[in-house]
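# sequence and predicted structure, then a few things I'm wondering about:
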Amino acid sequence: MPAAGTAVRSSLVAIALAATGVAQLGARHAPGGTPIEIDVGNALFTATNATWPGVLGCAKDAQGRYWVTVRRLVRHDPASPHMLFAIDARGNVVGSWPQPAATAASRWGLRDLAFDGARFLFAGCEADRIFAFDTQNGVWDPSREVPVPAGLSFGTMRALAFDAAGDGGRGSLWIGNLSSEHIEIDLRGNLLRRVANVQPESYAAAFDPVRRSVWWFGQTGSTWGSAAHVVITEMDAASGLATRTRFLGDMTVIAPEYGGHASGAELRIEGGEPVLLLGVQSFGDLLYEVKAGFRFGPSAGSSIGMDGDAAYAGNAAFDITLANSTAHLAALLVGLGEANVALPPPYFAWNAHVLIDLSLPVFDSPFTTVSAGAAHMPFPIPSNPAVAGVDLWVQWVEVPFAGGAPTWPIATSDGARFHISP
């Protein structure tokens, strides 16, 4: 579809100049208009008068406290403990605990943190167990430790995510390490599943309980280039396959390389929307929050998706996909805001809605053919600076054929919303 792709490319610059929408997938979470960000390095220096050499895992508990695992002050000295710190929403350290003695042999200590949504933090390293910390009582709890299964293809429990509904509602942990396989274990240490890696150099993970998906946070893998070290890829927990939804962390973070390096991740649902907490190693070691909701709204039966890597300025391979459609032709609506307007039968299919705000500038693509229920629209994103930082909303409109001619009812997909990275 070169003509359609060219049309999308040329229209994006014009529509970007009128952009007024609220940030979506991949953009900073900014309740009240202020992006949430914690300078962990500065917070730790203020509290301890020391420069800590590496902030690794991160989590946010039910009370709004941020938790971070931090490498020991004196490198290679087992007598210098790795640490766990708690930080409040204003960036003040409100608690500190040495990591368990069993982590002393590790050069880095505990890596990614996973919060169970209620009370306990889980974290692993090169040890033979996943450690558990009681956030209510402020103690490490050996009774909650999870043994690491034998025979794994990796030895460091680096990326960690907690699924409260896993193992039949008893809870499970997803674990990854760099480019090794991803595994799921129960809280007794039994191996439940092993699946192929979907995100190279995975350093952290987070679980979305609504979409039943795992977000893997890695340091490579994007076509943005080898300098992109904050790459977030979604995996469907049921199939163990990548959903093709991917985005980049904040590439404007000041660091030796663009955006810094992935270190920790955690997801929570806030106001019905998924929000990712990301830990990034940079000049200051930061925590910041980004929106992680791509698809939204009702559908008349089909589903929207993305492909071709993250939405970033200059990504000529970006693609919007359609699945489970019963139509013959489909066109893509691209807008700058969100709506939810029901469309009446009989001319429109049951549950058809307009999800794009038509009061703002809207672009509609040429029609593309639906084959075996699927279609896609090339969505090349230009390198123009006007496009970077723009938030877009997209939705498919689907037209059936009868007797070789268009007919009714017209259907619509669910919507998608995303932020274009620089």
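It's in.

# tell me where the stretch 51-200 of the chain has helices.
Taking DSSP state H, counting those that start in this stretch as the criterion, the stretch 51-200 of the chain contains helices spanning 166-169.

# low-confidence ranges, it, go.
Within the stretch 51-200 of the chain, not a single segment meets pLDDT under 70.

# that one: strands as residue ranges?
Counting by DSSP state E, counting those that start in this stretch, one finds strands in the stretch 51-200 of the chain at the ranges 55-60, 66-70, 83-87, 93-98, 113-115, 120-123, 129-134, 139-140, 146-147, 159-163, 172-176, 182-186, 191-195.

# with respect to Lys291, which of those strands lies nearest?
strand 55-60 (14.8 Å; Cβ to Cβ). C-beta coordinates here come from the backbone N, C-alpha and C atoms, glycine included.

# what's the domain layout of this protein?
2-21+297-419, 31-293 (automatic domain parsing).

# can I get these in JSON lines including mean neighbour count?
Converted to JSON lines, the domains of the chain look like this (neighbours: other Cβ atoms under 10 Å):
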{"stretch": "domain 2-21+297-419", "mean neighbour count": "18"}
{"stretch": "domain 31-293", "mean neighbour count": "19"}
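
# for the closest residue to Gln136 other than its chain neighbours, grab phi and psi.
Nearest in space to Gln136, with sequence neighbours left out and distances taken as Cβ to Cβ, 6 or more residues apart in numbering, is Arg119 at 5.5 Å. Note on Arg119: backbone dihedrals following degrees, to the nearest 10 are phi -150, psi -40.

# wait, isn't Arg119 in contact with Gly138?
No: using Cβ atoms under 8 Å, Arg119 is not in contact with Gly138; the gap is 11.4 Å.

# can you put the strands of the stretch 51-200 of the chain in a markdown table and add distance to Val280?
Listed next are the strands of the stretch 51-200 of the chain as a markdown table, based on distance: least, Cβ to Cβ, whole Å:
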| stretch | distance to Val280 |
| --- | --- |
| strand 55-60 | 9 |
| strand 66-70 | 12 |
| strand 83-87 | 15 |
| strand 93-98 | 19 |
| strand 113-115 | 15 |
| strand 120-123 | 18 |
| strand 129-134 | 22 |
| strand 139-140 | 26 |
| strand 146-147 | 27 |
| strand 159-163 | 15 |
| strand 172-176 | 18 |
| strand 182-186 | 22 |
| strand 191-195 | 26 |
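
# so which of these comes closest to Val334?
Short answer: strand 159-163, nearest of the strands of the stretch 51-200 of the chain by Cβ to Cβ, at 32.7 Å.

# what residues does that closest one touch?
Outside strand 159-163, the residues that touch it by Cβ atoms under 8 Å, 6 or more residues apart in numbering are 57, 111-117, 122-124, 130, 171-177, 184, 202-207, 209, 214-217, 237, 265, 267.

# how big is the angle separating that strand from strand 182-186?
50 degrees (axes from the mean of the first three to the mean of the last three Cα atoms, to 10 degrees).

# direction included, what does strand 159-163 pair against?
strand 172-176 (antiparallel) (DSSP bridges).

# quick check: pLDDT value at Gln24.
You'll see Gln24 listed with a pLDDT of 79.

# contact partners for it?
291, 293-294, 391-393, 417-419.

# Ala310 is in contact with Val231, isn't it?
Yes: look at Ala310 against Val231 with Cβ under 8 Å: they come within range, at 7.3 Å.

# out of the strands of the stretch 51-200 of the chain, nearest to Gly279?
For these, the distance to Gly279 is smallest for strand 55-60, at 3.8 Å, taking Cβ to Cβ.

# what's the closest one packed up against?
Counting contacts by 3 or more Cβ pairs under 8 Å, 6 or more residues apart in numbering; DSSP states H and E, strand 55-60 is packed against helix 40-48, strand 66-70, strand 113-115, strand 261-270, strand 273-281.

# restricting to C-alpha, output the longest one in PDB.
Translated: strand 261-270. Provided in PDB are the C-alpha atoms of strand 261-270 (Å, rounded to 0.1, in the frame of the first residue of the first chain):
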ATOM      1  CA  HIS A 261      19.300   2.300  30.600                       C
ATOM      2  CA  ALA A 262      16.400   0.000  31.700                       C
ATOM      3  CA  SER A 263      16.700  -1.200  35.300                       C
ATOM      4  CA  GLY A 264      13.300  -1.700  37.000                       C
ATOM      5  CA  ALA A 265       9.500  -1.800  36.200                       C
ATOM      6  CA  GLU A 266       6.200  -2.200  37.900                       C
ATOM      7  CA  LEU A 267       2.600  -1.700  36.700                       C
ATOM      8  CA  ARG A 268      -0.500  -0.700  38.600                       C
ATOM      9  CA  ILE A 269      -4.100   0.200  37.500                       C
ATOM     10  CA  GLU A 270      -4.900   3.900  38.300                       C
END
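
# strands paired with it, and their directions?
Strand pairing (DSSP bridges) places strand 261-270 next to strand 273-281 (antiparallel).
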